[in-house]
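Asks: need the 3D shape of this:
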Amino acid sequence: MYIAIAGNIGSGKTTLAGLLSKHYGWKVQYEDTEDNPYLYDFYSDMQRWSFHLQVYFLGRRFRQIVELQKNKDDVVQDRTIFEDAYIFAANLHAMQLMSNNDYATYIDLFELMSSLIAPPDLLIYLRASVPTLVRQIQRRGREYEAGIRLDYLKNLNDRYEEFVQSYSGPKLIVDVDEINFSDNLGDLSEVVSKVNAAINGLF
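Replies: Modelled structure (predicted):
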């Protein structure tokens, strides 16, 4: 079983991945933020470091998926390789924060990698408004995220909605504005019930 959690910065992907891992006994694969050598530089100068950051994430995500497909473990993953390309890299390019040449090179790499891997069995999308994202970003207090632009978050949200609407695989949408699975056990139980129903529908 390969479950992936999609969502904007601050939507609660890491938290939900950990909670589902604990509940189901799945292995969990987190996004590499603590050891990422480009994050601080990227948020201080997006145009200078956008290509480096996105290629780093792409390579790490590809390695994660290759390993989970090889080991055949039940895994929940914090963010997907598809988000890297269709949302984050595309948004940086559209905002003119990634050059045409860099974006074309990135897409070539992504298309090669994505042709060699299987999509998740279930995609869980955490939908959150920009005010909710900002509140949760401030709550976790990561220094490098302090200066995230609101237009950047909004543009990402718009792309997420387009991506999820066009995504053809099994998916579950969780409205983070209406539910607090990190602090409320009742809300977490509601999410788990929805995940159970989605998983049962796969077989």
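
Asks: quick one: the strands in the chain?
Replies: All strands of the chain, identified by DSSP state E, fall at 2-7, 27-29, 75-78, 122-127, 171-175.

Asks: what is the mean pLDDT for the second one?
Replies: When you say that, I think you mean strand 27-29. For strand 27-29, mean pLDDT is 91.

Asks: and for residue 73, the neighbour number?
Replies: Using other CB atoms under 10 Å, the number of residues around residue 73 comes to 13. Every C-beta, even on glycine, is put in place using the N, C-alpha and C of the backbone.

Asks: now do the phi/psi pair for it.
Replies: The phi and psi values for residue 73, taken as degrees, to the nearest 10, are phi -80, psi 160.

Asks: relative to residue 63, which of the strands of the chain is closest?
Replies: Across the strands of the chain, residue 63 has its closest neighbour in strand 27-29 (9.9 Å, CB to CB).

Asks: returning to that earlier point: and of the strands of the chain, who's closest to residue 152?
Replies: Of all those, strand 2-7 comes closest under CB to CB, at 15.1 Å.

Asks: between strand 122-127 and that closest one, find me the angle.
Replies: 10 degrees (axes from the mean of the first three to the mean of the last three CA atoms, to 10 degrees).

Asks: which strands or helices does strand 2-7 pack on?
Replies: helix 13-24, strand 75-78, strand 122-127, helix 150-166 (3 or more CB pairs under 8 Å, 6 or more residues apart in numbering; DSSP states H and E).

Asks: mind listing what residue 83 touches?
Replies: The neighbours of residue 83, taking CB atoms under 8 Å, 6 or more residues apart in numbering as the test, are 6, 160, 163.

Asks: residue contacts, the first one?
Replies: It stands for residue 6. Going by CB under 8 Å, 6+ apart, residue 6 touches 13, 79, 80, 82, 83, 123, 124, 125, 126, 160, 163, 164.

Asks: same thing but at 7 Å, please
Replies: By CB atoms under 7 Å, 6 or more residues apart in numbering, the residues touching residue 6 are 79, 80, 83, 123, 124, 125.

Asks: how about the second one?
Replies: If you count contacts by CB under 7 Å, 6+ apart, residue 160 has them with 8, 87.

Asks: 8 Å instead, please
Replies: By CB under 8 Å, 6+ apart, the neighbours of residue 160 are 6, 7, 8, 83, 87, 125, 127.
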